[in-house]
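**Student:** how would this look folded up:
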Amino acid sequence: MKTVTLSTLQAYKRAGETFSCLTAYDASFAHAASAAGIDVLLVGDSLGMVLQGHSSTLPVTIDDICYHTRCAARGKGHSLLMVDLPFMSNATTERLLEDGAALMRAGAELVKVEGEAWMADGIRELTRRGVPVCAHLGLTPQTVYQLGGYKVQGREAEQAEKIINDAKVLAEAGASVILLECVPASLGKAVTEALDVPVIGIGAGPDTDGQILVMHDVLGVTHGRTPRFVKNFMADAHSIQGAFEQYHEAVKTRTFPALEHCF
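**Tutor:** Below you'll find the predicted structure:
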């Protein structure tokens, strides 16, 4: 399999082909996911919940993320490695640049940052220095307490319009990819059609350019309430590798997400 780069994702978008993304936190699972064809791996701050047992992503530190990035980078194979900037990395431009550099040195090939249009200046500063950025909009887990919980965003027309406009501003500022989480399918489609850069969705409907899930959800080891946008691909597979392959195929053929996974 050819190495996936940002140019690959752009080519997928131009061709109308979707691509698969999955979290990975160590070399073994990164290798298995890459061997299954997964295009993009994410070392997510979700590790705070699925690995460390926290109730949110907020306790995850830059050292935590760098450690798991180094591990996943050793097994990532052909996949593009995207990595989360943790809570408060965007507190100042100086800290944003320092943390972005730390992730790139650890093996990241694309860094993901949460924030709205106000992140435009920070994204410009990162991209000027060679750090490619994915901007995360919609439900942003690092602001979960401000949002009042893990709730669907963009249901109201005014909020939906703001998300579309924020996505345009961040793409114009240099974001190479936009990630949308927990928004109505109609909004996922609108943002995807409004942008020239690839859009990845998680709980954002079937029309985004790529789909991402947390690995533990794909394998059916979710703790607590299972989100609506999740599907357990392990249920019909005979191995972890098989579950990853089924997920990849379902994304590529646009059979996932189905209507029952959408808002």
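
**Student:** all contacts plus neighbour counts: C-alpha atoms, from now on.
**Tutor:** Noted.

**Student:** which residues sit in contact with residue 17?
**Tutor:** Each residue near residue 17 by CA atoms under 8 Å, 6 or more residues apart in numbering is listed here: 209, 252.

**Student:** all helices of the stretch 101-250 of the chain, in order?
**Tutor:** Secondary structure of the stretch 101-250 of the chain (DSSP state H, counting those that start in this stretch): helices at 120-128, 144-147, 157-173, 185-194, 215-218, 240-252.

**Student:** helices or strands up against the fourth one?
**Tutor:** Counting contacts by 3 or more CA pairs under 8 Å, 6 or more residues apart in numbering; DSSP states H and E, helix 185-194 is packed against helix 157-173, strand 199-202.

**Student:** gap between the longest one and the chain center?
**Tutor:** Its chain's C-alpha centre lies 18 Å from the corresponding centre of helix 157-173 when counted by CA atoms, centre = their mean, to the nearest Å.

**Student:** Also the shortest one?
**Tutor:** Its chain's C-alpha centre lies 7 Å from the corresponding centre of strand 199-202 when counted by CA atoms, centre = their mean.

**Student:** What's the mean pLDDT across it?
**Tutor:** Averaged across strand 199-202, the pLDDT comes to 98.

**Student:** So what touches that strand?
**Tutor:** Everything outside strand 199-202 that qualifies as a contact, by CA under 8 Å, 6+ apart, is 177-182, 188, 191-192, 208-213, 229.

**Student:** which secondary structure elements does the helix or strand bottoming out on mean pLDDT in the chain contact?
**Tutor:** Every helix and strand of the chain was ranked by mean pLDDT, DSSP states H and E. The lowest is helix 144-147, at a mean of 92. Taking 3+ CA pairs under 8 Å, 6+ apart as contact, there are no helices or strands that helix 144-147 lies on.

**Student:** then it to CSV, C-alphas only?
**Tutor:** Extracted in CSV, the C-alpha atoms of helix 144-147 (Å, rounded to 0.1, in the frame of the first residue of the first chain):
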residue,chain,number,x,y,z
VAL,A,144,-17.3,19.4,27.5
TYR,A,145,-18.0,21.1,30.8
GLN,A,146,-18.7,24.4,29.0
LEU,A,147,-21.0,22.7,26.6
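
**Student:** buried residues in it?
**Tutor:** The neighbour-count check on helix 144-147 (16 or more other CA atoms under 10 Å) flags nothing as buried.
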